[in-house]
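Q: just need the structure, nothing else, for what follows:
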Amino acid sequence: MSNTKSGILSTLRIDSVHSGDSGTYVCIASNNYGWSHLEINVGIQEPPPSPEKLRVFGIKSRQAIVSWRISSLDSFKPLKAFTFYLQLRFWHDANWGEIKLPKMPLNEKFEFNLKDLSPATKYDLRMHCETAGGRSQPSEVVTFETYGEAPDGLPTRPRVKALSSTQLMLSWEPIPKTLWNSDRIGYNVNLEPRERNSDSTAISVPPSSFIYLERQIVLENLMPFTRYSFTIVGFNQYGLSGKSNIVSAETFEDVPSVYPNNIHCIVLSSSSIRVIWEDALMSGINGNLRNYLIVYRPIADRDDDSLSSSKSPETSLTKSFLSSPGEISELIPGTTYRIRLAAVNNVGTGPFSPDVLAMTHEEAPDAPRDVKVIVSSPSRTTLCWSPPPNNRGKIIRYHVFHRSAVLGREVKEDVPGSTFKHEILKLINQHPYEFWVQAVTKAGVGKPSTVVKKIVFTKDSQGICSWGRAIRLVENTEVKLDCKAVCKGNCQWMWHYNKQLLNSTYRITFHEKDHIRISSLRTSDSGNYTCIIKSQLGMENIKYSLSVIGLPYISHVQAVPLDVNRVKLMWSTTYSHGIERFLLHHREEQGEWIEKEIDGSVKSYEYKGLSCGKAYEFYIVGAIEFTMGRASGTVSVRLPGKLPGPSPPSQAIFLEVNSTYLAIDISQWPSGGCSIYSFDVEYRIEGEPWKMYLQSTLPQPHLYIYDLHPATAYAIRITAKKYCWGTISRVQLRHFR
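A: Have a look, this model is predicted:
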């Protein structure tokens, strides 16, 4: 206290004031006459306490509810309302954003509906409270994450270009990260072939959290020469984005994969055949059809030794036609032709159809040749001849004529078409006769042979009713060399090979005074074969020149993998006699052989649709007519790729674990270079049987197992399948919220 002019002054000083010093202070003065007092109300204002029990609930993709409390609320009763500040930042970001909330009346619990959040985003949140005494310290930080949504926006600037006849490369600009509405995004590529009866297909690009400037995918195993339309859709676990613009591109051409159907022939004449067919399916032409190729060749009559032995391997003839029908001409009358067709486009010739056989009409044959007359007694002769050079059909019989030059009487006798000699009886000794022969087919009687004049004497004679010629055959076939002897008494019949006496062996059989047969021909059998008959009347002989060509063979075979599903087989041959067709054989290692026949003009073949990572074996056989050549050596090749690898560790494969569902990231499954075509997913509670959840599901980035029980231990089993291979991964996980 201190004295002043006006009286006594009393002063109260409070240091380090705080809110507890607030209240009513009373100053009392008294003297002998009584007392008096002065009341002073003191209010201490200081920053309020930090909000407590901060909680975020009712979380959705773009909003959430925030609640909190204020302690020591009684000390703020003079106040009508609080001012709160909500601070928000992206998780672990350095900078806070601040929202001033509307003033809120005093209450035990405060709430605020926070809006305009970003989907699938993790936030840090804290609160401040402010009064006239200042702003409180920040509350504790609460972290929460909004739910995701389907992506906003859409993929842009799609582009596509062809890489091959079965591949297209599609690229596009991805959806910006700010529009993902999740932590990662994937894409579905929808492709639809135009003008072909085929369903649309969706191919998935697995979700990724990486931010790409451009995405691209190579689409394989497409159809050749086909225009595909594409749209691209982004996706996450919550839904799909909008579709991109449509783009389209066409795969390159490839050789046809189909041949014409329903091939049949109409024989027009003895020298022409009309071939009729249904066009090959356009879906298998694989390009612009240029024409159809007809390959045809005559085939020998295997039932006629005398003909087949003189047949040489024929070269195939070809003729091209734009459409059905096609007419092939300048054919041999009465001959069976093997006919096959193939489609041709700008790339090459496709597979040939199965053979169709057609026989030209017969004509009257040419005249028989080499007529001989051998007098065997005063009243009989043996007449011999060789068949016409052009039969023009199957000879069903021969007309054998003889006529007496004295009496002028003509006699005709018929003999079977397989006979080339005939004995004529009841002739008059020492009379001159004329002899000739005519061949007969279904088409009529052919020209007469040269007339041979002969006087029948009592003197015996001898001869050979066969004619030597040049013969060319393929190894491993057989040949019959005729030498039909007409002689009496002590007549010797023998054969020489290259001027050396020929003896019978297990391959060479002698049929006395008729023929020899050589089986399993070898190239060393080539040479001159001479048949000799010898008696007191003299000696006669005929000579065959036999040429045996080797079996078709393949000099070199090479198998080259083109990709994980294709192999190109290439071969060469130094065989100079012409190969009619090739028989290609292939199999999976230790599997069953599969045969495919192709034309002899082809020197390579592409196998498609083989199994990735598998080993294959190949060999080739050439063929002429009915004779198979020597098999080439077997070549082996293994396609790129291997079995799908074991699954990644569980921490890598289990993308998200919740209380009732499990997200599995199968995009990380090692494929081994071979496409995994399906997955089986099984699960079970420990101690219970396995349950199949998804079977043969197509590859996709994520698999989800729903309706699980919280706080329960599960075993998950996933089988990745690649064609006929599988690999099983067993992963156990006790998951809980």
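Q: for the residue nearest the centre of the chain, give me its contacts.
A: Centroid-nearest residue in the chain, with Cα atoms, centre = their mean: Gly609, separated by 2.7 Å. Applying Cβ atoms under 8 Å, 6 or more residues apart in numbering to Gly609 gives the contacts Asn565. For the C-beta atoms, the positions are set from N, CA and C on the backbone; glycine is no exception.
Q: so which strand or helix has it?
A: Secondary structure from DSSP states H and E places Gly609 outside every helix and strand.
Q: distance check, it against Val564.
A: For Gly609, the distance to Val564 (Cβ to Cβ, to the nearest Å) stands at 11 Å.
Q: and what of Asn503?
A: From Asn503 over to Val564 the distance is 62 Å, taken as Cβ to Cβ.
Q: so which of the two has more stuff around it?
A: Taking other Cβ atoms under 10 Å, Asn503 and Val564 do not tie; Val564 has more neighbours (17 against 10).
Q: not counting sequence-adjacent ones, nearest residue to Gly134?
A: Pro47 (3.7 Å; Cβ to Cβ, 6 or more residues apart in numbering).
Q: could you look up the SS state of the one you found?
A: Per DSSP: H, G, I helix; E, B strand; the rest coil, the secondary structure class of Pro47 is coil.
Q: now Ser524
A: helix.
Q: what is the subsequent helix or strand relative to the helix or strand bottoming out on mean pLDDT in the chain?
A: Sorted by mean pLDDT, DSSP states H and E, the helices and strands of the chain end with helix 305-308, the least confident at a mean of 36. The element immediately downstream of helix 305-308 (helix or strand, assigned by DSSP H and E) is strand 317-321.
Q: how about the helix or strand that that following strand is followed by: buried residues?
A: Sequence-wise, the next helix or strand downstream of strand 317-321 (DSSP H and E) is strand 326-328. By neighbour count on 16 or more other Cβ atoms under 10 Å, the buried set for strand 326-328 is Gly326, Ile328.
Q: mean confidence for strand 326-328?
A: What strand 326-328 shows for mean pLDDT is 94.
Q: sheet partners, orientation included, of it?
A: Here strand 326-328 has these sheet partners by DSSP bridges: strand 273-278 (antiparallel).
Q: other residues contacting the strand it pairs with?
A: By Cβ under 8 Å, 6+ apart, strand 273-278 touches 260-268, 292, 294, 324-328, 331, 337, 339, 341, 353, 356, 358, 360.
Q: generate a PyMOL selection restricted to the buried subset of those residues.
A: The PyMOL command for the buried members of the contacts of strand 273-278 (criterion: 16+ other Cβ under 10 Å) is given here:
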select buried, resi 260+263+265+292+294+324+326+328+331+337+339+341+353+356+358+360
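Q: picking up where we left off before, so what's the residue nearest to Gly134 scoring on pLDDT?
A: pLDDT, Pro47: 80.
Q: isn't it up against Ser136?
A: Yes - with contact defined as Cβ atoms under 8 Å, Pro47 counts as touching Ser136 (5.3 Å).
Q: pLDDT score for Ser312?
A: If you check Ser312, the pLDDT there is 40.
Q: same deal with Ser241?
A: Looking at Ser241, its pLDDT reads 92.
Q: ok, now which ones touch Tyr259?
A: Counted by Cβ under 8 Å, 6+ apart, Tyr259 has contacts Ala280, Leu341, Ala342, Ala343, Gly350, Pro351, Phe352, Ser353.
Q: and these, which two are the farthest apart?
A: Among the contacts of Tyr259, the pair separated by the greatest distance (Cβ to Cβ) is Ala280 and Phe352, at 11.5 Å.
Q: Gly446: what's it in contact with?
A: Ala364, Pro365, Asp366, Ala367, Pro368, Pro388, Arg392, Gln438, Ala439, Val440.
Q: can you check Asn261 too?
A: Asn261 neighbours (Cβ under 8 Å, 6+ apart): Trp277, Glu278, Ala280, Leu281, Ser353.
Q: can you tell me, leaving aside adjacent residues, what's nearest to the last one?
A: Leaving aside its chain neighbours, Ser353 sits nearest to Tyr259 (4.1 Å; criterion: Cβ to Cβ, 6+ apart).
Q: got the contacts of Tyr259 as CSV, with distance to Ile185 columns?
A: Compiled in CSV, the contacts of Tyr259 are given as follows (distance: Cβ to Cβ, whole Å):
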residue, distance to Ile185
Ala280, 44
Leu341, 52
Ala342, 49
Ala343, 45
Gly350, 44
Pro351, 45
Phe352, 51
Ser353, 51
